[in-house]
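Peer 1: predicted structure and sequence below. I'll ask about it afterward.
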Amino acid sequence: MLFPGFTTRRIATSGAEINCVIGGAGPPLLLLHGYPQTHAMWHRVAPRLAQRYSVIASDLRGYGDSGKPAGGERHEAYSKRAMAKDQVELMAALGHDSFFVLAHDRGARVAHRLALDHQQAVKKLAVLDIVPTRFMYAASNQAFATAYFHWYFLIQPAPFPETLIGADPDFFIKFQMGRRHGGLSVFDPEAMGEYLRCFRDPATVHASCEDYRAAAGIDLAHDEADEHKRVECPLLALWGRHGVIEKCFDALAEWRKAARDVRGQALDCGHYLAEEKPEEVLKLAEDFLQD
């Protein structure tokens, strides 16, 4: 069992039904996963956090067992604004008008938008292995494009990437996750089984492509419109020393363009911090949240 003592809920928001697991007691803490994963990526971290916090680990819309609405002409249903609204409404339905957020990869992009659009809701924000999307696109070079080829592949018009991934989703997921620094050995077999189960659903494959299409279009428009806004709450940025963020960006400098109160560091791992270095993530996250 990945989340002992947790309960599973499915809660309707104004735009989707969101699947989540809930455990613990204390200040509310929302955990958001990355691509191509689900809330299962937090299994080495969430039970420990639940000793001190009310932990809610959700599946983003389009992923896991959450709803997968149609994307729309501009892929607006998968804008980070729409995906962030899901999470605010989820937390409100659970009785939490303000909360902490710990988020990885795509979930961290949702969390960044959440902190901009709903400043009163986010007490503190911790992001794992990203810098803001528009900065990453603006600085794209050969090294970045080679490592993050999927950013450019997944945004191609449907059904091109969906068809290729759908031909062998297990191969695609294992290749995509296994090519990173830690290889496939860093993943718990039960958690990997969840990632594979969900990506065998063509609706998940399509929705995840819509997420990336939104990121290359409507999300950039939203970001440009808000280029003078800053994340007002304290922000912790953690990233892998053996990953693309370390290689291609000055993470703290980039985040200081986007947020007013930034701290952080690299960990001795690759992209999947919560699964590769759970003890370090726990310590740094708890120190930050309790500061």
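Peer 2: Received it, and whenever you're ready, just let me know what you need. Note that the structure is predicted; figures quoted are calculated from it, not measured. Numbers count the residues shown, from 1 in each chain.

Peer 1: how about the helix or strand of the chain with the lowest mean pLDDT, which residues are buried there?
Peer 2: The helix or strand of the chain with the lowest confidence, counting by mean pLDDT, DSSP states H and E, is helix 142-147 at a mean of 93. For helix 142-147, a neighbour-count test (16 or more other Cβ atoms under 10 Å) marks 144, 147 as buried. Heads up, the C-betas are built off the backbone N, CA and C, glycines and all.

Peer 1: now do the SS call for residue 126.
Peer 2: Here residue 126 is recorded as strand under DSSP: H, G, I helix; E, B strand; the rest coil.

Peer 1: what about it, distance to residue 210?
Peer 2: Separation of residue 126 from residue 210 (Cβ to Cβ, to the nearest Å) stands at 26 Å.

Peer 1: what do you get for residue 125?
Peer 2: Noted for residue 125: a distance of 24 Å to residue 210, by Cβ to Cβ.

Peer 1: any idea how far residue 48 is from the residue nearest to the spatial centre of the chain?
Peer 2: Among the residues of the chain, the one closest to the centroid is residue 107, at 1.7 Å (Cα atoms, centre = their mean). Distance, residue 107 to residue 48, by Cβ to Cβ: 19 Å.

Peer 1: for the residue lying closest to residue 37 once chain neighbours are set aside, pull up the helix or strand it's in.
Peer 2: Spatially, and ignoring its direct neighbours in sequence, residue 37 is nearest to residue 195 (5.4 Å; Cβ to Cβ, 6 or more residues apart in numbering). Assigned by DSSP states H and E, residue 195 belongs to helix 189-199.

Peer 1: same for that helix, what does it pack against?
Peer 2: In terms of contacts (3 or more Cβ pairs under 8 Å, 6 or more residues apart in numbering; DSSP states H and E), helix 189-199 is packed against helix 169-178, helix 202-215.

Peer 1: which ones are touching the nearest residue to residue 230 once chain neighbours are set aside?
Peer 2: Leaving aside its chain neighbours, residue 230 sits nearest to residue 260 (5.1 Å; criterion: Cβ to Cβ, 6+ apart). Contact analysis of residue 260 by Cβ atoms under 8 Å, 6 or more residues apart in numbering lists 230, 231, 232.

Peer 1: number of nearby residues for the second one?
Peer 2: Okay, so that is residue 231. Using other Cβ atoms under 10 Å, residue 231 is surrounded by 23 other residues.

Peer 1: list the contacts of the residue located most distally from the centre of the chain.
Peer 2: Most distant from the centre of the chain: residue 167, at 25.4 Å, with distances by Cα atoms, centre = their mean. If you count contacts by Cβ under 8 Å, 6+ apart, residue 167 has none.

Peer 1: pLDDT weak spots in the stretch 101-250 of the chain?
Peer 2: The stretch 101-250 of the chain contains no residues with pLDDT under 70.

Peer 1: thinking residue 200 is in contact with residue 172, fair?
Peer 2: No: judged on Cβ atoms under 8 Å, residue 200 makes no contact with residue 172 at a distance of 10.7 Å.

Peer 1: between the two, which one's more packed in?
Peer 2: Between residue 200 and residue 172, residue 172 has the larger neighbour count (other Cβ under 10 Å), namely 19 against 13.

Peer 1: does the more buried one really touch residue 161, like I thought?
Peer 2: No: Residue 172 lies out of contact with residue 161 (Cβ under 8 Å); the separation is 9.6 Å.

Peer 1: okay, and residue 164 sits in which element?
Peer 2: Using DSSP H and E, residue 164 falls within helix 160-167.

Peer 1: what comes up buried for that helix?
Peer 2: Buried residues in helix 160-167 (16+ other Cβ under 10 Å): 161, 162, 165, 166.

Peer 1: re the thing from before, which members of the contacts of residue 260 occur in helices, if any?
Peer 2: Judged by DSSP state H, the subset of the contacts of residue 260 located in helices is empty.

Peer 1: save those residues as CSV, and put in distance to residue 84 too.
Peer 2: Compiled in CSV, the contacts of residue 260 are given as follows (distance: Cβ to Cβ, whole Å):
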residue, distance to residue 84
230, 16
231, 12
232, 15
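
Peer 1: circling back to that earlier point, now for the residue nearest to residue 37: which residues touch it?
Peer 2: 36, 37, 38, 40, 173, 177, 187.

Peer 1: for residue 235, same thing?
Peer 2: 115, 124, 125, 126, 127, 255, 259, 261, 262, 263, 264 are the contacts of residue 235 under Cβ under 8 Å, 6+ apart.

Peer 1: quick one: buried ones out of the residues you listed?
Peer 2: 115, 124, 125, 126, 127, 255, 259, 262, 263, 264.
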